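1. predicted model follows, preceded by the sequence.
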Amino acid sequence: MGAKAKSHHHYNGGNGGGCGSDSSSSSTSPSPPPSPRRNSSSVSSYRRKLRSKPMSVVAGFLVLRRFLRLLVVLPLLYVSGLVMCVGVGPFCSLVGHTPHPGSVYRSHEMFQMLWPHIQADNSTPIELSSVWRYRRKLKEQKPCPHSTAGPQSDNAAPSGYLIVEVNGGLNQQRSAICNAVALAGLLNAILVIPHFEFNSVWRDRSTFSDIYDEDHFVATLEGYVRVVKELPEVLLERYDHNISNIPNIRVEAWAPVRYYTGEVYPVLQSEGVVRIAPFANRLSMSVPPPIQYLRCLSNYEALQFSSSISNLAKKLVERMTEKSSRSGGKYVSIHLRFEEDMVAFSCCLYDGGEAEKVEMNLIRQKGWGDKFKRKGRVTLPGLNRINGKCPLTPLEVGMVLRGMGFDNTTAIYLASGKIYWAEKHLAPLLKMFPYLHTKESLATPNELAPFEVSLARFQAMCSQESMSEHVTLKYCVLKVHIL
């Protein structure tokens, strides 16, 4: 028994690690039964796991905090780098940083330096007659391809009335009208003559009939889409004779056909009328062939300028041709995009100094509210200029033309709206091309009087005048289009 106890004590002492092992060695009392044998390596591993869990959580938290810090710091570093790179803002003046090449408008300085050479260089002028002699072969003008659907059936009851408010410039308005006709066909709706949105910058109150031949528009679409000039009296009374009281459906840009058939069509059927404003680029380009045919029919056949615009445009073309006798009646038509709204929207800086900055900020605030001051929006005029997003000045367009070989005897028609700071910016263009004409120099004040209150009518007249067999430099793109 003693031996057995001793052996137990020896076993315990061997595994107890010295907890009272000396004092119990001489005791003869029976030892407790042995504990189950434990694997020391598994215990140690388990303890390490317990200790490592809190450490991994802490480490993960530290990594996450560092990552969030980078998310905040990196965008700031990026913007700061852009500012320093393109050489704009007060930082550059503080550190004396040289602006990056191409980030600052210096064309006026280049013009002063190159003017003696420009003035003397008329040795290789372009022969305008040769431009038309070798003009590219135009594709045959084909009528709009007829769809398999054909005109609407007289038995199909219309689902309701469609009202749209088109916005933007002349091209955007025209595109929106074509889309409105297509949408009316898609929804089997009666289209009310589109309304033109009043813009606070252009302040143009033109109506559809001021720009286009309304009767021709309605007659051309007859049998395809029914068009009326206004809502019936019963619907007008429901909304107190105020179209703006009709609930407006806000549609995302380039909305697909399924959106209109699934979301707009049920409202049209239940209410009898829907209004969509604004309506620029609100219909997808991917539509069934019969609907695409309506777009084509509207653009190439239904939409014709009003007689007042067409008649004056023809007179201006005849007078411009007479003033181009040096080049056989041929002239260059330039459509500048240097109106104040274009300059303001581009957020580019020119050579107007602080006065220009203040004026452009006021125009942006007036026309677009706080759009350019929204949180996270960064405006970098220097970067815009480097990326080629700044409208060309009349001076720059003139230098391009001279560089292409047009000499100072070339007749030019300036088809543009009111040029920003016109007296200053047009002066160098006139020095390079003294035979420059505008609608004001070709038409009498009485002839222009009906158009003075309508920027859109002026644009339409200039557009029709440019669409003749003359060289046209449109939107200051560095190409010459032979029309």
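-> Ah, there it is. Numbers count the residues shown, from 1 in each chain.
2. restrict stretch 245-254 to CA atoms and write it as CSV.
-> The C-alpha coordinates for stretch 245-254 follow below in CSV (Å, rounded to 0.1, in the frame of the first residue of the first chain):
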residue,chain,number,x,y,z
ASN,A,245,-50.2,72.1,-63.2
ILE,A,246,-50.1,68.8,-65.0
PRO,A,247,-48.0,66.4,-63.0
ASN,A,248,-44.6,66.1,-64.5
ILE,A,249,-42.8,62.7,-65.0
ARG,A,250,-39.1,63.0,-64.5
VAL,A,251,-37.4,60.6,-66.9
GLU,A,252,-33.7,59.6,-66.8
ALA,A,253,-31.6,60.2,-69.9
TRP,A,254,-31.7,57.6,-72.6
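3. model confidence for residue 197, exactly?
-> Model confidence at residue 197, given as pLDDT, is 85.
4. so who does it touch?
-> Residues near residue 197 by CB atoms under 8 Å, 6 or more residues apart in numbering: 165-167, 277-278. (C-beta placed from N, C-alpha, C; glycine too.)
5. so residue 390: helix, strand or coil?
-> coil (DSSP: H, G, I helix; E, B strand; the rest coil).
6. meant to ask about residue 316, not that
-> Classified using three-state DSSP, residue 316 is helix.
7. low pLDDT regions in this structure?
-> Low-confidence segments of the chain (pLDDT under 70): 1-64, 67-68, 70-97, 123-142, 146-155, 199-203, 453-483.
8. can you give me the strands in it?
-> 161-166, 190-192, 195-196, 227-228, 273-276, 332-335, 412-414, 436-437, 471-474, 481-482 (DSSP state E).
9. right, so those strands: which one is the most enclosed?
-> Of the strands of the chain, the one with the most neighbours on average (mean count of other CB atoms under 10 Å) is strand 412-414, at a mean of 26.
10. would you list the strands of the chain in CSV and tack on distance to residue 309?
-> Formatted as CSV, the strands of the chain follow (distance: least, CB to CB, whole Å):
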stretch, distance to residue 309
strand 161-166, 18
strand 190-192, 23
strand 195-196, 15
strand 227-228, 20
strand 273-276, 27
strand 332-335, 16
strand 412-414, 16
strand 436-437, 19
strand 471-474, 18
strand 481-482, 21
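11. select, out of those, the one closest to residue 308.
-> strand 195-196 (16.8 Å; CB to CB).
12. what packs against that closest one?
-> Applying 3 or more CB pairs under 8 Å, 6 or more residues apart in numbering; DSSP states H and E, we find strand 195-196 packed against strand 161-166.
13. at 10 Å instead, please
-> Here strand 195-196 touches strand 161-166, helix 170-187, helix 208-211, going by 3 or more CB pairs under 10 Å, 6 or more residues apart in numbering; DSSP states H and E.
14. buried ones in the shortest one?
-> Going by neighbour count (16 or more other CB atoms under 10 Å), the buried part of helix 208-211 is 208, 210-211.
15. one step back: so which of the helices and strands packed on strand 195-196 comes closest to residue 327?
-> helix 170-187 (28.4 Å).
16. can you tell me which of the buried residues of helix 208-211 is nearest residue 240?
-> For the buried residues of helix 208-211, the residue nearest residue 240 by CB to CB is residue 208; the value is 22.9 Å.
17. roughly how far does that closest one sit from residue 195?
-> According to CB to CB, to the nearest Å, residue 208 stands 8 Å off from residue 195.
18. next: residue 232.
-> 17 Å.
19. do residue 227 as well
-> As for residue 227, its distance to residue 195 is 13 Å (criterion: CB to CB).
20. same list, the helices and strands packed on strand 195-196, but as JSON lines with distance to residue 399 please.
-> Listed next are the helices and strands packed on strand 195-196 as JSON lines, based on distance: least, CB to CB, whole Å:
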{"stretch": "strand 161-166", "distance to residue 399": "36"}
{"stretch": "helix 170-187", "distance to residue 399": "27"}
{"stretch": "helix 208-211", "distance to residue 399": "34"}
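21. any idea which of the ones you listed gets closest to residue 426?
-> The nearest among the helices and strands packed on strand 195-196, by CB to CB, is helix 170-187 at 22.1 Å.
22. where's the residue nearest to residue 251 when sequence neighbours are not counted relative to residue 259, distance?
-> Spatial nearest neighbour of residue 251, excluding adjacent residues (CB to CB, 6 or more residues apart in numbering): residue 282 at 4.7 Å. Separation of residue 282 from residue 259 (CB to CB) stands at 10 Å.
23. common neighbours of these two, please.
-> Common neighbours of residue 282 and residue 259, using CB atoms under 10 Å, 6 or more residues apart in numbering, are 251-252.
24. between these two, who's got more neighbours?
-> residue 282 (23 against 16; other CB atoms under 10 Å).
25. pretty sure that one sits against residue 180.
-> Yes: with contacts counted by CB atoms under 10 Å, residue 282 reaches residue 180, the gap being 9.0 Å.
26. between those two, which contacts overlap?
-> Contact criterion CB under 10 Å, 6+ apart; residues bridging residue 282 and residue 180 by contacting each: 164, 166, 276.
27. can you list phi and psi of residue 418 for me?
-> phi -70, psi 120 (degrees, to the nearest 10).
28. give me the number of residues near the closest residue to it other than its chain neighbours?
-> Using CB to CB, 6+ apart and skipping residues adjacent in sequence, the residue nearest residue 418 is residue 339, 6.0 Å away. Per other CB under 10 Å, the neighbour tally for residue 339 reads 20.
29. quick check: bridge partners of residue 339?
-> residue 419 (DSSP bridges).
30. tell me how far it lies from residue 205.
-> Taking CB to CB, one finds residue 339 at 18 Å from residue 205.
31. next one: residue 413
-> For residue 413, the distance to residue 205 - CB to CB - is 27 Å.
32. and residue 440, by the same measure?
-> To residue 205, residue 440 is 22 Å away according to CB to CB.
33. which of these two has more neighbours?
-> Here residue 440 and residue 205 are compared on neighbour count by other CB under 10 Å; more neighbours surround residue 205, at 13 against 10.
34. now that one, nearest residue through space, not along the chain?
-> Per CB to CB, 6+ apart, closest to residue 205 is residue 198, 6.2 Å.
35. ok, now which ones touch that neighbour?
-> Contacts for residue 198 (CB under 10 Å, 6+ apart) come out as 165, 167, 204-206.
36. need those in JSON lines with distance to residue 121, can you?
-> JSON lines is the format used below for these (distance: CB to CB, whole Å):
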{"residue": "165", "distance to residue 121": "51"}
{"residue": "167", "distance to residue 121": "45"}
{"residue": "204", "distance to residue 121": "42"}
{"residue": "205", "distance to residue 121": "47"}
{"residue": "206", "distance to residue 121": "44"}
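37. closest to residue 318 among those residues?
-> Within the contacts of residue 198, the smallest distance to residue 318 is 25.5 Å, found for residue 206 (CB to CB).
38. surely that closest one and residue 196 touch.
-> Yes: counting by CB under 10 Å, residue 206 does reach residue 196; the two are 5.8 Å apart.
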